[in-house]
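# All I have is the shape, not the residue letters:
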């Protein structure tokens with residue numbers, strides 16, 4: 001198609017085509033940067049989609065002979081033509097499990113050649129020729145799983161399907177000729193697609209160190225092109241290529257900066273290295289927020305030499321490379337949504353990684369790692385390496401490893417957001433008669449692990465829990481009482497039964513001990529009006545005080561009564577003392593030693609709220625328990 005428009009008009013067209021479209025970080029639609037794929041996979045059930053535009057530009061500097069038809073004068077022209085390529089892409093990706101990711105991309109392409117309007121030539125050749133139409137659909141499936149605490153490995157298969165003819169109807173509008181043949185076959189990317197199915201696979205390795213991520217890709221791909229015209233004849237071109245990609249990224253809370261080097265080496269092509277091995281250097285920035293939306297801005301430099309003489313199909317008999325040769329430079333913009341990013345930011349997702357090993361031999365074991373009390377599916381360790389990995393919710397969790405014929409083991413872990421926490425389980429074989437007792441000790445209010453002494457009453461067996469709160473001991477068959485003690489906490493006793501070599505779990509959650517000088521205040525201990533008779537509704541709270549003092553058997557308590565300002569101060573003083581004594585009598589009747597309890601009455605002298613309102617008076621009518 002001959003389009004006689006000004007160069008400024010071309011800029012407007014390109015601007016309109018590029019602005020509405022954006023791009024996914026990974027070329028294949030799966031998780032990654034742009035040209036390189038990550039072996040990591042999103043959480044099961046998460047999805048992503050994007051719309052993108054890529055613009056490539058290349059200069060064509062050359063000399064040509066131009067013979068005017070009217071005078072047959074041969075004029076040598078120095079020209080600087082330009083090639084323009086625009087790719088619009090839509091992608092959708094879905095993680096069907098924590099290890100498998102599916103993706104599909106669809107593209108629409110425009111190829112344009114801009115003729116230098118030098119003197120004489122501009123009278124015979126239009127400004128631009130172009131073709132446009134659908135490209136290929138690419139479907140990909142990727143598998144990845146961690147193989148250690150810092151390396152994730154996997155692989156990906158992809159297949160491409162043409163959506164239309166590589167030579168659309170607009171091909172007939174080409175009118176630029178360079179000596180013999182059609183100039184279209186001598187540009188970097190003459191076709192919109194190969195017109196046939198393409199395929200490939202990648203071996204992927206990814207690593208993470210602090211704020212940095214890195215991807216390494218090695219692959220193999222195959223293509224087929226068919227073409228026929230009156231000059232070149234019929235060509236059935238088959239190509240196979242080795243693919244390589246290396247990418248590094250710097251992660252910050254709202255921005256990712258990445259750079260990549262990628263190339264594809266066509267094994268069936270000989271000659272110029274740049275032509276047979278197109279390569280690119282890529283740099284980009286990704287901006288994202290907590291909703292899962294992201295924006296990518298990417299720039300690329302083509303690292304491949306391109307010589308029309310060496311690549312001319314009319315000389316070589318070979319068609320141009322599938323997908324073409326990179327332009328001198330390109331820019332790309334993308335806009336998309338990633339639900340995994342939204343879930344990770346809002347809910348907080350970390351990862352537990354580690355191994356299950358035989359404690360005696362050190363050999364790997366295949367077993368189950370579960371997370372009691374959490375809505376997290378168990379994971380299974382690898383039978384060859386013993387390695388396991390599982391995404392978990394941020395916070396404090398208990399991980400429990402179980403292998404048939406072995407004594408299970410547990411560990412309490414604190415999981416930070418978007419980080420991996422290592423834990424290794426070394427399991428002992430079950431040894432009947434008797435069995436192993438395992439468990440954890442943690443703070444009842446925070447869930448944090450505690451270092452504690454666990455002793456068996458009427459036995460010399462005693463162990464100390466590790467920094468992760470885990471402990472383990474072997475006991476003969478029978479019923480045993482285990483006592484857990486930790487400084488600053490109330491000790492706890494559990495009764496367990498051990499029999500037949502079975503594993504017995506005994507997890508302790510300890511409450512902090514009462515400290516001297518601490519005051520417990522209760523405004524919800526009710527008495528009959530003007531009386532020291534305790535109402536029945538208050539017995540539940542006093543029973544909790546009995547339980548607390550029973551657990552803290554080493555402390556003494558002063559029970560202090562308070563009233564509001566209604567009535568005379570002398571009556572209130574007497575009433576507050578009588579009410580404190582009523583509380584003391586209740587505690588004594590329920591098992592608290594009288595020698596641990598003293599009383600006093602403060603009347604209305606120590607208000608904690610204003611006595612001018614009913615609410616303030618209710619707060620002032622209270623009983624305090626002061627720990628001595």
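Nice, thanks for sending it over. This structure is a prediction, so every number in the text was calculated from the model and none was measured.

# What strand or helix carries residue 573?
Per DSSP states H and E: residue 573 is located in helix 569-589.

# so for whatever helix or strand comes next after that helix, what's the average pLDDT?
With elements assigned by DSSP H and E, the helix or strand that comes after helix 569-589 is strand 597-601. Averaging pLDDT along strand 597-601 yields 92.

# Return the list of strands paired to strand 597-601, each annotated with direction.
Using DSSP bridges, the strands paired with strand 597-601 are strand 557-561 (parallel).

# got the angle between the partner strand and helix 569-589?
Counting by axes from the mean of the first three to the mean of the last three C-alpha atoms, to 10 degrees, strand 557-561 points 140 degrees away from the direction of helix 569-589.

# contacts for strand 557-561?
549, 575-580, 583-584, 587, 596-602, 623-628 (C-beta atoms under 8 Å, 6 or more residues apart in numbering). Glycine gets a C-beta too; all of them are placed from N, C-alpha and C.

# Would you mind listing which of these are buried?
With burial judged by 16 or more other C-beta atoms under 10 Å, the buried subset of the contacts of strand 557-561 is 549, 575-580, 583-584, 587, 596-597, 599, 601-602, 623-627.

# Can you give me the domain boundaries for the chain?
7-344, 359-510, 519-627 (automatic domain parsing).

# TSV for those, including distance to residue 352?
Compiled in TSV, the domains of the chain are given as follows (distance: least, C-beta to C-beta, whole Å):
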stretch	distance to residue 352
domain 7-344	10
domain 359-510	5
domain 519-627	34
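
# Out of those domains, which gets the lowest mean score?
The stretch with the lowest average pLDDT out of those is domain 7-344, scoring a mean of 80.

# Run the chain-centre distance for that one.
Here domain 7-344 is found 27 Å from its chain centre; the criterion is C-alpha atoms, centre = their mean, to the nearest Å.

# With stretch 492-507 instead?
Remark: stretch 492-507 is offset 38 Å from the chain centroid, using C-alpha atoms, centre = their mean.

# and residue 570, how many neighbours?
A count of neighbours around residue 570, defined by other C-beta atoms under 10 Å, yields 9.

# Residue 589 versus that one, what's the distance?
From residue 570 over to residue 589 the distance is 29 Å, taken as C-beta to C-beta, to the nearest Å.

# do residue 248 as well
As for residue 248, its distance to residue 589 is 73 Å (criterion: C-beta to C-beta).

# the more surrounded of the two?
residue 248 (16 against 9).

# if I pick the more buried one, what's in contact with it?
212-214, 258-260.

# again, but for residue 549
Each residue near residue 549 by C-beta under 8 Å, 6+ apart is listed here: 555, 557, 587, 592, 596.

# thought the third one was touching residue 544?
No. Under the contact definition of C-beta atoms under 8 Å, residue 587 does not touch residue 544, with a separation of 11.4 Å.

# related to what we said a few turns ago, taking the contacts of residue 549, tell me the two that lie furthest apart.
555 and 587 (12.8 Å; C-beta to C-beta).

# Next, the buried residues of stretch 40-58.
Within stretch 40-58, the residues that qualify as buried are 40-42, 44, 46-58, counting by 16+ other C-beta under 10 Å.

# Hmm, I typed the wrong one, I wanted stretch 104-118.
104-117.

# of those residues, closest to residue 566?
Ranked by distance to residue 566 (C-beta to C-beta), the buried residues of stretch 104-118 are led by residue 104 at 77.4 Å.

# which non-adjacent residue is nearest the closest one?
In this structure, residue 104 finds its nearest non-sequential neighbour in residue 139, 5.1 Å apart by C-beta to C-beta, 6 or more residues apart in numbering.

# Name the SS class of residue 270, please.
coil (DSSP: H, G, I helix; E, B strand; the rest coil).

# Let me know whether it touches residue 311 as I believe.
No. Here residue 270 does not reach residue 311: they are 11.6 Å apart, not a contact under C-beta under 8 Å.

# Where does the residue nearest to residue 217 when sequence neighbours are not counted sit, in terms of helix or strand?
In space, and not counting its chain neighbours, residue 217 is closest to residue 245: 3.8 Å by C-beta to C-beta, 6+ apart. Using DSSP H and E, the element containing residue 245 is strand 233-251.

# Run through who's touching whichever helix or strand comes after that strand.
Using DSSP H and E, the helix or strand that follows strand 233-251 in sequence is strand 255-266. Contacts with strand 255-266, where a contact means C-beta under 8 Å, 6+ apart, come from 25, 33-36, 217, 221, 239-250, 276-288, 303, 321.

# Can you list the buried residues in strand 255-266?
Quick answer for strand 255-266 (16+ other C-beta under 10 Å): 256, 258, 260-264, 266.

# ok, so of these, who is nearest residue 293?
Nearest to residue 293, judged by C-beta to C-beta, of those is residue 256 at 13.8 Å.

# does the closest one have beta-bridge partners, and which?
Going by DSSP bridges, residue 256 forms beta bridges with residue 251, residue 286.

# What distance do you get for it to residue 287?
Residue 256 is 8 Å from residue 287, where distance means C-beta to C-beta.

# One more: residue 589?
69 Å.

# Likewise for residue 611?
The gap separating residue 611 from residue 287 is 58 Å, by C-beta to C-beta.

# Also residue 207?
On the measure of C-beta to C-beta, residue 207 and residue 287 end up 24 Å apart.

# The two: which has the busier surroundings?
Each of residue 207 and residue 287 has its neighbours counted (other C-beta under 10 Å); residue 207 has more, 17 against 12.

# Touching, the more buried one and residue 150? I think so.
Yes. Taking contacts as C-beta under 8 Å, residue 207 lies within contact range of residue 150: 5.6 Å.

# Please enumerate the strands of the stretch 1-150 of the chain.
Using DSSP state E, counting those that start in this stretch, the strands of the stretch 1-150 of the chain run over residues 47-67, 74-95, 100-114, 128-146.

# got the contact list for residue 223?
By C-beta under 8 Å, 6+ apart, the residues touching residue 223 are 194, 196, 198, 238-241, 322-323.

# That one should be in a helix, yeah?
No. Using three-state DSSP, the assignment for residue 223 is strand, not a helix.

# Enumerate the beta-bridge partners assigned to it.
With DSSP bridges as the rule, residue 223 is bridged to residue 239.

# Tell me how far it lies from residue 160.
Distance, residue 223 to residue 160, using C-beta to C-beta: 8 Å.

# what touches both of these two?
Residues touching both residue 223 and residue 160 (C-beta under 8 Å, 6+ apart) are 194, 198.

# Thanks a lot, see you next time.
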